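S.K.: Fold the following, please.
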Amino acid sequence: MPNRPVEIGPAGLHTARAIEHLRLVRELTQHQLAARCTALGRPMANTALSRTERACRRCDVDDLVALATALGVSPAALLLPLPSASGDDRRGC
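M.R.: Numbering: from 1, shown residues only. I've put the predicted structure just below:
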């Protein structure tokens with residue numbers, strides 16, 4: 001039986017939305033945020049960030065910490081649901 005990738009769950013979906021939301025609030029492009037992560041020692045391409053924001057790519061702990069630092073928030077802030085988050089998963093992978 002072939003292995004299936006692990007589905008991204010509710011916390012992962014909230015995290016994807018929070019990353020995109022905070023990036024937009026801070027008026028950063030995906031290129032700029034990815035460059036900040038790279039400067040912090042966590043190399044990240046803008047395509048990886050795009051896939052993370054669309055919940056097509058899992059955000060591992062090292063990515064989470066780098067993204068939170070680059071966005072000026074705690075990692076916990078990216079894990080908690082946004083107050084206005086809707087139930088859709090917006091995936092277009």
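
S.K.: hey, where'd the strands end up in this protein?
M.R.: Counting by DSSP state E, the chain has no strands to list.

S.K.: so where is it shaky, pLDDT-wise?
M.R.: Regions of the chain meeting the criterion pLDDT under 70 cover residues 1-2, 81-91.

S.K.: mind checking the longest helix of it?
M.R.: Across the chain, the longest stretch assigned as helix under DSSP state H is helix 10-25.

S.K.: Would you mind listing the buried residues in that one?
M.R.: Neighbour-count burial for helix 10-25, with 16 or more other Cβ atoms under 10 Å as criterion, is recorded at G12, L13, H14, T15, A16, R17, A18, I19, E20, H21, L22, R23. In this view, the C-beta of every residue, glycine as well, is placed from N, C-alpha and C.

S.K.: P43: which of those is nearest?
M.R.: Nearest to P43 among the buried residues of helix 10-25 is I19, at 16.8 Å by Cβ to Cβ.

S.K.: contacting residues for that closest one?
M.R.: L49, T52, E53, C59, L67, L71, L78 (Cβ atoms under 8 Å, 6 or more residues apart in numbering).

S.K.: which residues of the protein fall in helices?
M.R.: 10-25, 30-39, 46-53, 61-71, 75-79.

S.K.: what about the longest one, distance to the chain center?
M.R.: Taking the mean of its C-alpha atoms, helix 10-25 sits 6 Å from the chain's own mean (Cα atoms, centre = their mean, to the nearest Å).

S.K.: OK, contacts around the nearest residue to V6 once chain neighbours are set aside?
M.R.: Leaving aside its sequence neighbours, V6 sits nearest to R58 (Cβ to Cβ, 6 or more residues apart in numbering; 7.6 Å). Contacts for R58 (Cβ under 8 Å, 6+ apart) come out as V6, I8, G12, T52.

S.K.: Buried ones among those?
M.R.: If we count by 16+ other Cβ under 10 Å, those have these buried: I8, G12, T52.

S.K.: With G72 as the reference, measure out to the nearest residue in space to the first one that is not next to it in sequence.
M.R.: By that I understand I8. Excluding the flanking residues, the one nearest I8 by Cβ to Cβ, 6+ apart is A55, at 5.1 Å. Per Cβ to Cβ, to the nearest Å, A55 is found 23 Å from G72.
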